[in-house]
Structures are given as structure tokens and as C-alpha cells.
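**Student:** Turn this into a structure:
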Amino acid sequence: MMRASMSYAVPLILMMTAIAFAGVAGAQVQMPEGPLPGISLGGPDMAAESARNYRERARYPQDSYPLQGGHAHLFPTGGPTWPYPIPSLDPSAPVISTWAAQVSFQYPAPVDLFLSLTPGKSATPGSMVAPARSVTGEIVNDAREVIGMVDYHDDGQAPDERAGDGVYAVRFIMPEAQVPDLADSFNVRIEVVMADGAVQRFGSSFHYSNPHAHLTGRYRDVVRQGSLVISAEIEVRRKGRFHLAGYLASKAGEPIGYAQTAAELEPGRYWLDLQFYGLMFHDRHIAGPYKLASLVLRTATRMPGTIGMPVLDAHITRAYRLEEMTTEPFNEPNLLDAARRLEEAAPGAKSPPQP
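**Tutor:** Just a heads-up that it's a prediction; the model follows:
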């Protein structure tokens with residue numbers, strides 16, 4: 001089993017769900033890079049640089065922008081979280097670490113939790129930690145009610161992979177009565193009784209969600225007014241607000257751009273459009289076909305919303321030509337206005353020609 005294959009910590013993932021969405025049925029507003037208007041910039045040079053950044057970003061709509069090459073630009077894959085070591089003042093004491101199988105669990109998936117015992121810093125190299133007498137946990141909801149008791153085991157039975165390796169695991173089935181209406185975090189009160197009888201108590205947690213919509217796996221693509229539009233079908237089971245975001249790449253995997261949209265929807269099936277503004281294909285000098293390399297649907301009716309599990313390599317488009325894509329900048333008015341205000345506030349800053 002891959003213990004820590006993921007380069008995203010849980011707080012970062014949870015932070016992604018705490019985004020405010022603009023408009024009733026419009027796209028989520030992507031904040032421009034660089035300092036925001038009204039923030040102290042420290043001098044005319046910084047103001048001028050920020051204004052230039054705003055003008056560059058204004059070449060694209062706020063919900064669609066190009067990506068630089070050489071980076072994966074994928075959403076977190078939903079793989080294991082980083083093992084979190086429990087702090088200890090005794091360098092000779094075994095190190096206890098905990099982690100979860102995923103950054104977030106979605107109903108009806110079970111919750112797989114893990115704990116490891118490894119030698120302390122001052123232990124003899126190559127030594128092993130004696131098996132714990134017991135590892136138990138209490139699952140606690142946000143009302144501080146215990147909703148389940150669990151026993152971690154190191155016997156090679158799923159979700160544990162190998163008996164006697166110092167990694168303990170447990171699979172918890174969320175009780176139907178405790179399944180969140182949308183999403184909640186749950187705490188785990190863990191007690192480890194070591195081989196010598198010493199007792200260690202500490203806490204862990206996991207995120208569990210019950211999305212109100214899901215992707216059906218149907219996609220379509222078209223060039224519309226000089227931009228590539230990829231539509232994804234979703235099925236909504238409860239009225240709410242839904243956010244869709246995707247990364248686009250060449251068929252070979254070279255990053256091209258990002259797009260997002262959001263909408264208020266009633267129960268039913270709908271097509272949501274991701275518009276990848278045509279200029280990005282000229283900037284990156286890449287003709288089709290294109291690959292929707294990573295796609296995430298989130299329920300954002302209220303906070304906390306669902307984190308959303310990415311769908312990788314969701315769709316391959318037709319072989320579009322660069323000539324079909326617009327070469328005109330979008331000239332996003334809000335960003336151009338912000339650039340003008342920064343230039344006016346910076347003494348001696350020279351304003352470039354206005355579009």
C-alpha cells in the first residue's frame with residue numbers, strides 16, 4: 001500500500017472547499033494573481049508590477065486562464081493523506097503516526113484509517129517496535145457523540161496489507177443515521193496500549209461527504225466563438241449549487257489551461273460547460289486533439305461543501321486546428337480597472353497604452 005503518495009496535506013484540500021461563488025448561476029470568480037486592489041503595495045515599483053500582472057491576466061476571462069508548461073496541474077487525486085507523527089518529548093519512545101486512506105470519503109464508501117509504530121530517533125538502527133497490546137478508537141461526530149468503536153489490527157486482513165509490519169488498520173462503516181446531509185468532519189479518539197503497558201491517547205480526524213450531484217461520464221466538445229467548450233453531464237439529486245472545474249492538456253499531457261463554472265440547479269440531468277478561452281491555445285502553440293486531464297465536481301450549496309474526487313483523463317476532444325481559435329484578448333474589464341487604479345496610485349508609474 002502506498003503510505004504517503006500524495007503531495008497535498010488535508011488542510012489544503014479542506015481549504016479548497018471554502019471558496020465563495022459569485023452570482024446565482026454564473027462562474028466562480030478566480031481572483032487575479034498578485035496583490036489585490038486596496039492593499040498596501042510598498043512602493044511604485046510593486047504597484048507597477050502588480051498592474052502589469054493584472055493587464056496580463058485580463059487577456060483572459062476570470063474563469064478561464066492558461067497554465068505554464070512543466071507542471072502537472074492536476075487536482076489532488078484523493079489518495080492517502082500524509083502520515084501525521086504524534087509529537088513526543090522522549091527520543092527513545094516509538095513514533096506513532098496516523099493517516100487516512102483518502103483525503104475525503106464519499107458515501108457509501110467505508111472509512112479506512114491507519115496507524116504505525118516505528119522506532120524513535122535514538123533507537124538502534126534496524127530495530128523493530130514490539131507489537132502494541134491494543135489500538136482502539138472512538139469515532140465522534142460534531143455533536144461530540146460517540147457513533148462507533150473500532151479496533152485497529154496488524155494481521156494482514158483488509159484494509160491492513162501485511163501482518164506484523166507495525167502498521168495497524170481499521171475499516172469503519174458510516175452508520176446510515178450519521179451520514180452527513182452534505183459534508184462533515186469526524187474526530188477519532190485513539191488509545192494505544194504499548195507492549196510495556198504504557199498508554200498513549202491522542203486524536204485524529206477524517207472528512208466525510210454526501211454529494212448532491214455526480215458526473216455521469218458523458219462529455220462533448222465544440223469550438224464556440226473561437227473558444228473550446230467541453231460540456232460534462234451531471235445528475236443532480238437535490239437542489240443546490242454546484243461547481244465544476246477542469247484542467248486541459250495536450251493529448252501528450254502538456255498543460256494548457258484551467259476553466260471553471262458554477263450553477264444553481266434543481267434535481268435532474270444537466271450539461272455544464274467549461275470554456276477554455278481560445279487565446280490560450282495560441283499562447284501554448286498547441287493544436288488538438290486535447291485531453292481533459294483532471295475534472296472535479298463539488299457540491300457548494302453551503303459550507304462545508306464536498307471536496308470532490310477528481311476524474312483523471314476524463315475526455316479526449318476532436319482534432320481542432322489553431323486557426324479555429326480566437327487570437328483576440330478578452331480584456332477582462334474588472335482587472336483592467338484594477339490595473340488603472342494601481343497605476344494612478346503609484347507616483348511616476350507609466351501607464352501602458354489602454355486597450
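**Student:** taking the mean pLDDT, what do you get for stretch 63-80?
**Tutor:** Computed over stretch 63-80, the mean pLDDT rounds to 71.
**Student:** Please apply the same query to stretch 318-337.
**Tutor:** On average, the pLDDT along stretch 318-337 is 95.
**Student:** Show me the contact partners of it.
**Tutor:** Stretch 318-337 is contacted from outside by 32, 54-55, 57-62, 221, 223, 225-228, 277-279, 281-282, 285-290, 354-355, using C-beta atoms under 8 Å, 6 or more residues apart in numbering. In this view, the C-beta of every residue, glycine as well, is placed from N, C-alpha and C.
**Student:** ends of it, how far apart?
**Tutor:** For stretch 318-337, the first-to-last residue distance is 37 Å (C-alpha to C-alpha, to the nearest Å).
**Student:** How about stretch 193-204?
**Tutor:** Terminal-residue distance, stretch 193-204 (C-alpha to C-alpha): 17 Å.
**Student:** ok, now stretch 277-297?
**Tutor:** Where stretch 277-297 begins and where it ends lie 20 Å apart, using C-alpha to C-alpha.
**Student:** Now do the buried residues in that stretch.
**Tutor:** Buried residues in stretch 277-297, counting neighbours by 16 or more other C-beta atoms under 10 Å, are found at 277-284, 286-288, 290-297.
**Student:** so residue 51 sits in a helix?
**Tutor:** Yes. Under DSSP: H, G, I helix; E, B strand; the rest coil, residue 51 sits within a helix.
**Student:** separation between it and residue 338?
**Tutor:** For residue 51, the distance to residue 338 (C-beta to C-beta, to the nearest Å) stands at 8 Å.
**Student:** the more surrounded of those two?
**Tutor:** Shown here are residue 51 and residue 338; by other C-beta atoms under 10 Å, residue 51 has more neighbours (27 against 24).
**Student:** Which stretches in the chain count as helices?
**Tutor:** 10-16, 44-57, 279-284, 333-345 (DSSP state H).
**Student:** Could you give the bridge partners of residue 96?
**Tutor:** Note on residue 96: beta-bridge partners by DSSP bridges are residue 117.
**Student:** residues in contact with it?
**Tutor:** When contacts are counted by C-beta under 8 Å, 6+ apart, residue 96 touches 85, 86, 88, 115, 116, 117, 192, 200, 202.
**Student:** who wins for neighbours among those?
**Tutor:** So for the contacts of residue 96 (other C-beta under 10 Å), the most neighbours sit at residue 115, 25 neighbours.
**Student:** That one and residue 152 touch, don't they?
**Tutor:** Yes. Assessed by C-beta atoms under 8 Å, residue 115 is found in contact with residue 152 at 5.6 Å.
**Student:** Can you pull the residues that touch both of those two?
**Tutor:** By C-beta under 8 Å, 6+ apart, residue 115 and residue 152 have these common neighbours: 135, 168, 169.
**Student:** coming back round to it: quick one: which of the contacts of residue 96 is nearest residue 176?
**Tutor:** The nearest member of the contacts of residue 96 to residue 176, counting by C-beta to C-beta, is residue 115 at 26.4 Å.
**Student:** Among the shared contacts of residue 115 and residue 152, name the ones in strands.
**Tutor:** Mapping these onto strands (DSSP state E) picks out 135, 168, 169.
**Student:** My read is that the first one contacts residue 168, right?
**Tutor:** Yep, that's residue 135 we're talking about. Yes. Applying C-beta under 8 Å, one finds residue 135 in contact with residue 168, separated by 4.8 Å.
**Student:** okay, and the common contacts of those two?
**Tutor:** Joint contacts of residue 135 and residue 168 (C-beta under 8 Å, 6+ apart) are 115, 152, 153.
**Student:** Adding pLDDT, write those residues out as CSV.
**Tutor:** Below are the shared contacts of residue 135 and residue 168 laid out as CSV (pLDDT from 0 to 100):
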residue, pLDDT
115, 97
152, 98
153, 98
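**Student:** All set now, cheers.
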